[in-house]
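A.B. asks: show me the folded form of this:
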Amino acid sequence: MAGIEVPGLGRKLRLLIDYGHFKNLEEIARVFDREASTLQWWGHGSDDRKPGTIPGNKLETVIDVVFSCLPEGFSKKETKRLVFAPVAELEAVLQTQAMVSLNRIIEAEAKINAGSFFNKPENNIGLIETNQKTPRPHPEHSTSLNKWFRLEFTAGSETGYFSAFQHVGQAWGAVSIHFDKNRKTILLPGVTDDGAIAFMRERQETGLHRFIVMHTPEPPPPEYLRYITDQVALDGFIIGRMAQFYDRQPAHR
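C.D. replies: Okay, the predicted model is just below:
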């Protein structure tokens with residue numbers, strides 16, 4: 001039976017796993033009624049076989065597998081085009097889908113305007129300082145670029161784990177946090193090495209910024225922590241992972 005070449009097949013199947021639609025290659029292989037090693041062979045090729053070459057009678061299965069991972073509204077015809085398109089086109093669709101999923105969770109479950117905003121006090125103002133409790137600022141607030149500020153959120157429980165995000169335009173970032181158990185308060189961006197309350201600032205992005213705290217009974221995926229440590233923007237891969245991670249948490253918690 002003549003083979004059909006699917007450009008970047010191995011990478012495309014890997015994307016379906018990376019974005020959480022399948023657990024591993026073995027799970028995809030079961031759909032084809034083949035072993036995972038066979039799919040690896042199809043993807044990588046051999047001395048006498050081009051990478052991405054599949055049996056002609058398995059093309060529809062490839063289309064069906066990809067179709068099952070795409071957002072609602074995609075047709076089989078559009079899916080077939082993605083199957084033969086460059087890998088980047090399929091990844092762009094999966095990334096967009098991941099971001100939509102996280103936004104859907106936020107819109108459905110978030111307590112809007114639940115945080116409080118604090119500017120960093122100016123140094124050497126010539127007045128005494130006090131730790132007296134003051135009225136909490138209104139959570140909607142404007143500030144200028146390069147001005148230091150911090151946020152506080154009240155936790156409903158002392159147990160669990162917290163993850164925080166910043167969202168502006170099409171960009172997402174991870175924000176470090178600290179949970180003050182005595183006050184049941186979540187501090188963004190946390191505390192400094194010596195235990196003092198830390199502040200953050202925005203250097204270049206004007207416009208509306210959203211800060212979201214996710215409170216879950218289980219710890220976030222370990223991959224998420226790398227984005228905080230490396231201080232890099234969140235990509236579609238980790239956004240999708242975080243959305244799927246949250247969806248797996250017990251609803252009552």
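A.B. asks: next helix or strand past whichever helix in the chain runs longest?
C.D. replies: Ranked by number of residues, the top helix in the chain under DSSP state H is helix 87-109. Moving toward the C-terminus from helix 87-109, the next helix or strand (DSSP states H and E) is strand 115-119.
A.B. asks: now do the buried residues in that following strand.
C.D. replies: Neighbour counts over strand 115-119 (16 or more other CB atoms under 10 Å) mark 115-118 as buried. The C-beta positions use only the backbone N, C-alpha and C, and glycine is treated the same way.
A.B. asks: who does that strand pair up with?
C.D. replies: Its sheet considered, strand 115-119 pairs with strand 149-154 (antiparallel) by DSSP bridges.
A.B. asks: which other residues reach the strand it pairs with?
C.D. replies: 114-120, 143, 184-189, 197-201, 211, 213 (CB atoms under 8 Å, 6 or more residues apart in numbering).
A.B. asks: show me which of the residues you listed are buried.
C.D. replies: 115-118, 186-189, 198-200, 211, 213.
A.B. asks: now tabulate those residues in a markdown table and tack on pLDDT.
C.D. replies: Compiled in a markdown table, the buried ones among the contacts of strand 149-154 are given as follows (pLDDT from 0 to 100):
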| residue | pLDDT |
| --- | --- |
| Gly115 | 84 |
| Ser116 | 87 |
| Phe117 | 89 |
| Phe118 | 87 |
| Ile186 | 93 |
| Leu187 | 94 |
| Leu188 | 94 |
| Pro189 | 92 |
| Ala198 | 91 |
| Phe199 | 92 |
| Met200 | 92 |
| Phe211 | 93 |
| Val213 | 93 |
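A.B. asks: quickly check these for the two that are furthest apart.
C.D. replies: Spatial extent of these (CB to CB) is set by the pair Phe199 and Val213 at 17.1 Å.
A.B. asks: this completes my enquiry, with thanks.
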